[in-house]
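> below are the sequence and a predicted model; questions follow.
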Amino acid sequence: MKHTLAVLVLNKPGVLARISGLLSRRHFNIESIAASHTEEPDITRITIVAQGDDHILDQVIKQLSKLVDILKIHELQEKESIERELALIKVRAYPNRRSEIVDIVNIFRANIVDINRETMIIELTGDEQKINALCAVLVDHGIVEQVRTGKIALSRNPEATKHLIDMSE
């Protein structure tokens with residue numbers, strides 16, 4: 001089962017390494033991890049998507065809560081949150097096939113962010129399924145490279161902060 005955790009931490013060196021090390025030691029497979037500063041410059045938000053059963057998840061949350069620089073931990077439910085990924089996809093784009101690729105890009109509401117004689121770089125923001133679908137269509141054109149950010153997510157619920165595990169109290 002996939003779990004998405006939102007973890008607020010103090011913006012200090014080594015915090016991300018300690019978190020990923022803890023997850024690794026607990027055999028909790030990290031599918032994606034994204035970190036960035038928040039509206040507060042001294043706080044970082046880490047979004048972790050990982051595979052594991054509920055028992056392992058409970059253990060991981062308990063272990064994470066023991067780390068000094070952790071402020072809050074929240075498991076985001078898919079139906080109650082907004083989730084997005086960003087993908088950059090470099091695809092073969094010879095002149096005789098460019099219009100076909102442009103049509104595909106438009107259907108997916110993606111953007112072409114770079115073009116040269118042989119390739120195009122396409123930018124797409126969306127959920128995992130949308131990005132997977134675009135990649136499946138572009139495979140016929142020849143995907144040269146791709147990179148994805150991993151999931152970032154926010155709870156839609158204005159009351160969500162009440163359900164956070166608050167380490168500062």
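Yep, that arrived. Numbering: from 1, shown residues only.
> I121: which element?
Applying DSSP states H and E as the criterion places I121 in strand 119-126.
> contact partners of the helix or strand following that strand?
Once strand 119-126 ends, the next helix or strand along the chain (criterion: DSSP H and E) is helix 128-138. Applying Cβ atoms under 8 Å, 6 or more residues apart in numbering, the contact partners of helix 128-138 are 83, 85, 87, 89, 91, 101, 104, 108, 110, 122, 124, 143, 146, 148, 151. To be clear about C-beta, it is placed using only N, CA and C from the backbone, and glycine gets the same treatment.
> who does the longest strand along the chain pair up with?
Scanning the chain for the longest strand, with DSSP state E as the assignment, gives strand 81-92. If you go by DSSP bridges, strand 81-92 pairs up with strand 119-126 (antiparallel), strand 143-148 (antiparallel), strand 152-155 (antiparallel).
> quick one: the residue positioned nearest the centre of the chain from L64, how far?
In the chain, the residue lying closest to the centroid (Cα atoms, centre = their mean) is K151, at 1.7 Å. Look at K151 and L64: by Cβ to Cβ, to the nearest Å, they are 18 Å apart.
> correct me, but I121 touches A87?
No. Shown here, I121 and A87 do not form a contact pair, counting by Cβ atoms under 8 Å, at 10.4 Å.
> related to what we said a few turns ago, and the residue nearest to the centre of the chain, what pLDDT?
Per-residue pLDDT puts K151 at 93.
> quick one: residues contacting it.
K151 sits next to 4, 32, 34, 47, 49, 83-85, 128 when contact means Cβ under 8 Å, 6+ apart.
> make it 6 Å
By Cβ atoms under 6 Å, 6 or more residues apart in numbering, K151 lies in contact with 32, 49, 83, 85.
> in its sheet, what does the helix or strand containing the second one sit against?
What it means is V49. Taking DSSP H and E as the criterion, V49 maps to strand 43-51. In the sheet, strand 43-51 lines up against strand 2-10 (antiparallel), strand 29-37 (antiparallel) (DSSP bridges).
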